[in-house]
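Enquirer: predicted model, plus sequence, below.
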Amino acid sequence: MKVVIDRELCQGHGRCFSIAPSIFDFDELGNGVVIGDGSLDENTVEMARLAQANCPEHAIFIEE
Ligand code: F3S
């Protein structure tokens, strides 16, 4: 599984990197970015799903 942020949709609300700072970071504009290649395992997928559920722009996608 892999998590991605749609950069067209992200408006920099910052909930992703507040909720899951081991998975997400922010760029120079304050928009969310995925750390590394976004690969998820059983330890990180729940946090990624929580961030996904809390993104007001629905900009986070988890690919199975
Ligand atoms: Fe962007 Fe959503 Fe995170 S708007 S900064 S992906 S909470």
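Expert: Sure thing, it's come through. Numbers count the residues shown, from 1 in each chain.

Enquirer: report how many residues lie close to Arg49.
Expert: Arg49 is flanked by 16 other residues according to other CB atoms under 10 Å. For glycine as for every other residue, the C-beta is placed from the backbone atoms N, C-alpha and C.

Enquirer: let's have the chain start at 243 instead
Expert: Okay, using 243 as the starting number, the last item reads as Arg291.

Enquirer: flag every residue of the chain that's near the ligand.
Expert: Contact residues (CB under 6 Å from any ligand atom) of the chain with the ligand: 247, 252-258, 273-274, 297, 299, 301-302.

Enquirer: redo these as TSV? Include neighbour count.
Expert: Listed next are the residues of the chain next to the ligand as TSV, based on neighbours: other CB atoms under 10 Å:
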residue	neighbour count
Ile247	21
Cys252	22
Gln253	12
Gly254	12
His255	16
Gly256	15
Arg257	18
Cys258	28
Asn273	17
Gly274	26
Cys297	22
Glu299	15
Ala301	20
Ile302	25
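
Enquirer: what about those, which are in helices?
Expert: Arg257, Cys258 (DSSP state H).

Enquirer: in a markdown table: the residues of the chain next to the ligand, plus distance to Val287 and pLDDT.
Expert: A markdown table is the format used below for these (distance: CB to CB, whole Å; pLDDT from 0 to 100):
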| residue | distance to Val287 | pLDDT |
| --- | --- | --- |
| Ile247 | 16 | 98 |
| Cys252 | 20 | 98 |
| Gln253 | 24 | 98 |
| Gly254 | 24 | 98 |
| His255 | 21 | 98 |
| Gly256 | 21 | 98 |
| Arg257 | 17 | 98 |
| Cys258 | 14 | 98 |
| Asn273 | 22 | 98 |
| Gly274 | 17 | 98 |
| Cys297 | 16 | 98 |
| Glu299 | 21 | 98 |
| Ala301 | 18 | 98 |
| Ile302 | 12 | 98 |
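
Enquirer: roughly how far is stretch 271-282 from the heart of the chain?
Expert: Put simply, stretch 271-282 sits 6 Å off its chain's centre (CA atoms, centre = their mean, to the nearest Å).

Enquirer: that's all I had, so thanks and see you.
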